[in-house]
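Peer 1: Fold the following, please.
(one chain, ligands or ions: 1)
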Amino acid sequence: MPEPHSGVLRDPSCVTLLLAYHCVLPSPPKDNVHILPTALFERQVALMAKAGIEIAPPDEYSAAPANGTHRVGITFDDGYLSDLQCAEVLARHGMRALFFIPTGTIGAPGFMSGPDIRKLARMGMRIGSHSHEHVPLESGNARYQAATSKQILGTLLGSPVEDFAFPGGVSSEQTIAAVHAAGYKRVYTLEWGVNDEANVQAGVYRRNCLVQGMTDAQFMDLVTAKNQVSRQALYKLKKAARRLLPHESYLRLQRWYCGLQKGA
Ligand SMILES: [Zn+2]
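Peer 2: Below is the predicted model:
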């Protein structure tokens, strides 16, 4: 058994560690590592609750915890129908999360409708944008994707959205600046790691993507921010491979990476 997980982080500069979930399904296909079995998601939430991990409400990601411990924030990408189910699991534990919605697929089969998204907001969940068309942002399209989705969600919710997650986690200095200029206060990548005062100041947050095959011990290492250095190194390796390898080879590497995580 690993050490009891106290949620205490040794690095006092850490503010919030963010998790990024996507879809959950009872029996997800093995070729999409980002879709988690529903039972695994429920177990991870229960593990955090049992260990007393403090879950930061989405409007407090930038607030420094008073007692020197870090907090974990929970986010979801893509606006899948399963978000509703996940929100109910979280609500049972008194946890709130941030849901990033690509506005172009609102109401499409398998995705939440406008009333579904309003229901999440009424449950105390926060809504952010995940662009309009869920395409990688570039300098040419960033302003349009950020502004269009902001306008659609603002109208739907009756209040402005201030959080934006980059589709595929792909961002650059230019696209980050464009999204901020469109009126978002905080933007979110999929770069692994913890967030500290520098992230808060820049309004750019890292998130840690959850994948199939993570053991309970590895999950607890992640949420207690253990092994951050090796995790960050692996992330950089995977990111370089994605850029350099043909897609099929990258998928093989991704499967290997998840298998390695399972056996590690
Ligand atoms: Zn996405």
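Peer 1: got the residues of the stretch 101-250 of the chain near the ion?
Peer 2: Along the stretch 101-250 of the chain, the residues adjacent to the ion under the rule C-beta under 5 Å from the ion are Pro167. Where C-beta positions appear, they are placed from N, C-alpha and C, glycine not excepted.
Peer 1: how does it look with 8 Å?
Peer 2: By the criterion of C-beta under 8 Å from the ion, the positions of the stretch 101-250 of the chain lying close to the ion are Pro102, His130, His134, Ala165, Pro167, Gly168.
Peer 1: Where strands are concerned, which of those count?
Peer 2: In strands, defined here by DSSP state E, the members of these are Ala165.
Peer 1: Thr175 and Phe164 touch, don't they?
Peer 2: No - contact status for Thr175 versus Phe164: not in contact, 10.0 Å apart, counting by C-beta atoms under 8 Å.
Peer 1: Looking at those two, which is more packed in?
Peer 2: Using other C-beta atoms under 10 Å as the criterion, Thr175 and Phe164 rank with Phe164 on top: 29 against 23.
Peer 1: List the contacts of stretch 112-126.
Peer 2: Here stretch 112-126 makes contact (C-beta atoms under 8 Å, 6 or more residues apart in numbering) with 57-59, 79-81, 83-84, 87-88, 90-91, 96-99, 101, 106-107, 127, 153, 156-157, 163.
Peer 1: Remind me which helix or strand Thr75 belongs to.
Peer 2: According to DSSP states H and E, Thr75 maps onto strand 71-77.
Peer 1: so what's whichever residue of the stretch 101-250 of the chain sits closest to the ion scoring on pLDDT?
Peer 2: Evaluated by C-beta to the ion, the stretch 101-250 of the chain has Pro167 as its residue closest to the ion, separated by 4.9 Å. We note a pLDDT of 96 for Pro167 in this prediction.
Peer 1: now do the same end-to-end measure for stretch 160-172.
Peer 2: 24 Å (C-alpha to C-alpha, to the nearest Å).
Peer 1: For the strand holding Thr75, give the mean pLDDT please.
Peer 2: Per-residue pLDDT values over strand 71-77 give a mean of 96.
Peer 1: List the residues that contact Val170.
Peer 2: For Val170, the residues meeting the contact criterion (C-beta under 8 Å, 6+ apart) are Pro136, Leu137.
Peer 1: Phi first, then psi, for it.
Peer 2: Reported as degrees, to the nearest 10, the phi and psi values for Val170 are phi -80, psi 120.
Peer 1: returning to that earlier point: would you mind listing which of the residues of the stretch 101-250 of the chain next to the ion are buried?
Peer 2: Members of these that pass the buried threshold by neighbour count (16 or more other C-beta atoms under 10 Å) are listed as Pro102, His130, His134, Ala165, Pro167.
Peer 1: thought Met220 was touching Ala51?
Peer 2: Yes - counting by C-beta under 8 Å, a contact exists between Met220 and Ala51, whose distance comes to 6.7 Å.
Peer 1: how about low-confidence regions in the stretch 1-150 of the chain?
Peer 2: Counting by pLDDT under 70, the stretch 1-150 of the chain has low-confidence residues at 1-14, 64-69.
Peer 1: can you rerun that using 50?
Peer 2: Applying pLDDT under 50 to the predicted model, the residue ranges of the stretch 1-150 of the chain that meet it are 1-12.
Peer 1: what about the helices in it?
Peer 2: Along the stretch 1-150 of the chain, the segments classed as helices by DSSP state H, counting those that start in this stretch run 38-51, 82-92, 114-122, 142-157.
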